[in-house]
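K.L.:
this one's structure only:
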């Protein structure tokens, strides 16, 4: 694959889909083990997001011949996080409307969510809770992956 034809959007979408699937599998595993009532455990799936973003940025840099522009790397992190959050949010909407309506009620009783939590607000909260941390993870990861030309001037 020629490095000029590799877009950060395609890489980010691919890894966003993978991370989104990992989120869903983790949720279903928690459900099978009866752990979904401990909402705080769901934040452990953030590990998948961190790994997915780092691998996506690394893959993009490798496909571009070892060169990555700073904002392309940030874009990989942001889009990966958004796509994975969107996949999870769509799954949760399906889950609470078709498979288990009591899960939304359980979330409403949690101190982490408002009492009047609706399906729509759950959808948007899920996207926000995945996208913003993804941007931050992308920002942190780019401190390591950035090109040499991004160093401060007059540094030895």
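P.N.:
In hand now; what should we look at? What you see is a predicted model; the values in this text were computed from it and never measured. Residues are numbered from 1 along each chain as shown.
K.L.:
downstream of the helix or strand hosting residue 105, the next helix or strand is which one?
P.N.:
Using DSSP states H and E, residue 105 maps to helix 102-109. Note on helix 102-109: by DSSP H and E, the next helix or strand toward the C-terminus is helix 119-145.
K.L.:
what's stretch 67-79 in contact with?
P.N.:
Residues from elsewhere that reach stretch 67-79 (CB atoms under 8 Å, 6 or more residues apart in numbering): 3, 8-9, 11-13, 15-16, 53, 56-57, 60-61, 131, 134-135, 137-139, 141-142, 145-147, 150. Every residue, glycine included, has its C-beta placed from N, CA and C.
K.L.:
check which residues of it are buried.
P.N.:
Neighbour-count burial for stretch 67-79 flags 68-69, 72-79 (criterion: 16 or more other CB atoms under 10 Å).
K.L.:
likewise for stretch 28-38?
P.N.:
Quick answer for stretch 28-38 (16+ other CB under 10 Å): 30, 36.
K.L.:
do the same with stretch 53-71
P.N.:
53-58, 60-61, 63-64, 68-69.
K.L.:
now do the end-to-end distance for it.
P.N.:
End-to-end distance of stretch 53-71 (CA to CA, to the nearest Å): 14 Å.
K.L.:
burial of residue 48, as a residue count?
P.N.:
Neighbour count for residue 48, taken as other CB atoms under 10 Å: 18.
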